[in-house]
Every structure is written in C-alpha cells, then in structure tokens.
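In: When you get a sec, could you give me coordinates for this:
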Amino acid sequence: MKKTLSILLTLALLIGLASVSLADAITLKVWGAQDDQELLVQLAEEFKAANPENEWNITFGVVGEPDARARVLEDPIAAADVFAFSNDQLVDLVNADALYEVTRNVDAIKAANSAGSVATATLKGALYGYPMTADNGYFLYYDKSVLTEEDVQSLDGILAKAEAAGKKMFMDVSNGWYIASFFLGAGCTLDLDENGKQICDFNSERGVLAGEAIRAFTASPAFLTGDDSVLQGGMGDTICAGVSGTWNAEAMKEKLGDNYAAVKLPTFTMGGEQVQMGSFLGTKLVGVNTQTAFPVEAMMLAEYLTSEEAQLARFLKRGLGPSNINAAMSDAVKADIALAALAAQSAFGVSQNVGGAYWGPAEAFGLALENHSDADMQGLLDQLVEQATAE
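Out: Numbering: from 1, shown residues only. Coordinates of the predicted model:
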C-alpha cells in the first residue's frame, strides 16, 4: 500500500510539474504565406535559441498577406498572435482594434528600415507594424544599347534619345497607380484620413502643373501606353524604356540580355523645374494581435522575424525586396538590378492608402490625356478629385 501511494504521489508530482511547465511556456501562433513557412520555422528556432530564458511554444498557420485582414477580423481571438499582412490593410486593422501599437525599440525599428516602409506601418503618428519587405512598387527598366545612365535621369532626356533612335518610352498613363507618380512627385496628397475618407488634392496649383507635364509627356512622339503585354513584347525592339515593377524582371532580362538595366524613376519638367517622380510603395508588414496573451513576447518575435538577418534570408530564399536599409544595401540585393532600382525609388515612395473611388476617375483622366484632350486642366482635375473623394 505504501509503495502504491508513493508511486501515485510521484506521478502527481510529475503531472504537477508538467502542468507548471506548460503554464509557464510562452505560447504564440504565427501566420504567414505558404512560401514563408519553412523560413518561419527556421527563424523561430533561432529566436528560441537567442532567448533561452523563456520556454517557447510557437506554432504556425498558412494565411497569406492578402488574406490576413479578413481572417483576423473574422475571429480576432482565434487569430494568430503574430501575422504578416499587406500594408493597405493597416487602417482597417487599426480601426478594428486588431493591432497592438509597437512599443518596444520603436526608434531602432524606424532607423533600421526605409522611411517609406516605416510610413506604410504608421497611422496617426504611431507605429503599428514591423516592416518586412518593400517590394511592391515601380521604377524604370531601360535598354543600355539606346540609353545611357545620364539619359535616364530625366524624362526629357529619355524622350529625346528615344525619338532620335525611333524608339518608344512605355508608361500606362491611364492607370491611376502609375499616373499618381507625377502628382506625388509634385507634392500632392493621395491618402486616407483616420476615418478612411479619401484625401486628394491633385487639383491644387502644383497638381495642375503636374497634369500639364503629363499632357506634354503623352504628346511626345516617343510616348507609348498599354498594359504589361505591350511592354514585354516591345522592350528591346520598339521600346527602349518602360515603367513597371519586379514582376516583369525576368521578362525584361530575357528581352534585353546584356543590355538589361533598371533605375529609379526619372525627373520631369514641371513649371520650369526638374521634379523627381514619386511612386506608391507597397510593403508587407508583421503585426501583433491585440488579443494575444503575451504582447511583449509577441513583439519580440515580430521584431526578430523582420530583422536585418531575417529580411536578407527572405530575399535569398524568396527574392523579396528588403525594407531594412542594411539588407537592401547588401551585395546580394544590389546585384539584383530590379530590386536595386526599387530600393532607390523607395526613397520617393509613399504608402498606397487609396480608396476604391479613386481608380475610375484616375483612369478616365489618363485616357483623356492619352487621347490628346485639350480640355482645361483645372476642370479635368476638379472632376477627378470630386469623384475620387465622393462619399
């Protein structure tokens, strides 16, 4: 009897110790894209090794960045503690009280990442996400056999050289994503306020000057518009320069071969001055769920998953462009011509906080200029802004 009691007491003690151990473990769930799963597991193991003072129970789920908002808001309590999401979801997630404000190492995180990527993670002056990539944007591809590094610094230089060579410069001006580059460069605003209402001042004095610069661009004999198929089909033949993003990098390499090159967007002439073209900068961020039981530890993990080393590993494994300044300046990233161009352009990029009402009017405005409309520019832009900001 005593032996049996002793065994029972020992088992009870072991069970109790196991329960204490389990309760003391930091339990975190992480969501990321399917292609990120292997890397996430690797980084989590490294994180646990770097933080041995805690017992970690980290699990993973497949939820891609585009789907994060819907999945988190569907059931915040059941959602991951740490999750990746596209930056255009930030406003909705914050307004739904689904994102913890970043409160650990804020200055260091801001200093480590490009200003544009930090802006995409910021709302009302507070940081709500950890920049993970800065790879959704556009820049200029060009043919080195036609254009020099000096030529591609300005739109005027590109158009003059292209026309002299019987070539074209491609840009989809009837696409509001690209056409915004002139207005953003001019210092105009296209953003959402804290209530999600569209702000757009493209009809301002500088906006009108930008609009006239677009009109002059579309009037050039060297101007060509269209979709990606036009760029892919003509580059290296009829086209010597084109505005696009990293998704066309392989096609551009194949078409241009040794003449393949890419660079930030050029300057353009506006009211007699040279103005750098702006752009939208799309990023992937990592956020911390406000429902987590371990906010401090979740922030520690989120910061680790988006560190310089993690971003460089993500580039080497998946080819995603880093937002981290040091990672973006590494030899490996700089050797990628398209990503190096995107990194250079990111200094002039802004977060894509755009409501659905903007795209139709922007397309109509671009089409009007592509069709060589001589309508009053102020009137055209007043109409664009009125429609884009309609409730």
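
In: Helices of the stretch 201-350 of the chain, start to end?
Out: Here the stretch 201-350 of the chain has its helices, by DSSP state H, counting those that start in this stretch, at 205-219, 228-234, 249-256, 295-305, 308-318, 325-328, 331-334, 337-346.

In: May I see the ones you listed organised as a markdown table, with mean pLDDT and mean neighbour count added?
Out: For glycine as for every other residue, the C-beta is placed from the backbone atoms N, C-alpha and C. Formatted as a markdown table, those follow (pLDDT from 0 to 100; neighbours: other CB atoms under 10 Å):
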| stretch | mean pLDDT | mean neighbour count |
| --- | --- | --- |
| helix 205-219 | 98 | 19 |
| helix 228-234 | 96 | 16 |
| helix 249-256 | 96 | 17 |
| helix 295-305 | 98 | 21 |
| helix 308-318 | 95 | 18 |
| helix 325-328 | 92 | 20 |
| helix 331-334 | 90 | 13 |
| helix 337-346 | 90 | 22 |
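
In: Span of stretch 343-363 from start to end?
Out: One end of stretch 343-363 to the other measures 27 Å (CA to CA, to the nearest Å).

In: Looking at the helices of the stretch 201-350 of the chain, which is nearest to Asn136?
Out: The closest of those to Asn136 is helix 337-346. By CB to CB, the value is 8.8 Å.

In: Run through who's touching that closest one.
Out: 114, 116-117, 134-135, 137-141, 245-246, 249, 252, 260-265, 279, 281, 315, 319, 321-323, 328-329, 333-334 (CB atoms under 8 Å, 6 or more residues apart in numbering).

In: Those in strands, which ones?
Out: Judged by DSSP state E, strands contain the following of those: Ala134, Asp135, Phe139, Leu140, Tyr141, Tyr260, Ala261, Ala262, Val263, Ser279, Leu281.

In: how close does the third one sit to Val230?
Out: With distances taken as CB to CB, to the nearest Å, Phe139 is found 18 Å from Val230.

In: that older thread, for Ser373, which of the helices of the stretch 201-350 of the chain is the nearest?
Out: Ranking the helices of the stretch 201-350 of the chain by distance to Ser373, with CB to CB as the measure, places helix 205-219 first at 8.1 Å.

In: so what secondary structure elements neighbour that closest one?
Out: When contacts are defined as 3 or more CB pairs under 8 Å, 6 or more residues apart in numbering; DSSP states H and E, helix 205-219 sits against helix 176-185, strand 267-270, helix 359-370, helix 377-388.

In: just the CA coordinates of the last one, formatted as CSV?
Out: Spelled out, it's helix 377-388. C-alpha atoms of helix 377-388 as CSV (Å, rounded to 0.1, in the frame of the first residue of the first chain):
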residue,chain,number,x,y,z
MET,A,377,-6.6,71.0,-67.0
GLN,A,378,-8.1,72.6,-63.9
GLY,A,379,-11.5,71.4,-64.9
LEU,A,380,-10.2,67.9,-65.6
LEU,A,381,-8.6,67.6,-62.2
ASP,A,382,-11.5,69.2,-60.4
GLN,A,383,-13.7,66.4,-61.8
LEU,A,384,-11.1,63.7,-60.8
VAL,A,385,-10.9,65.0,-57.3
GLU,A,386,-14.7,65.4,-56.9
GLN,A,387,-15.3,61.8,-57.9
ALA,A,388,-12.3,60.3,-56.1
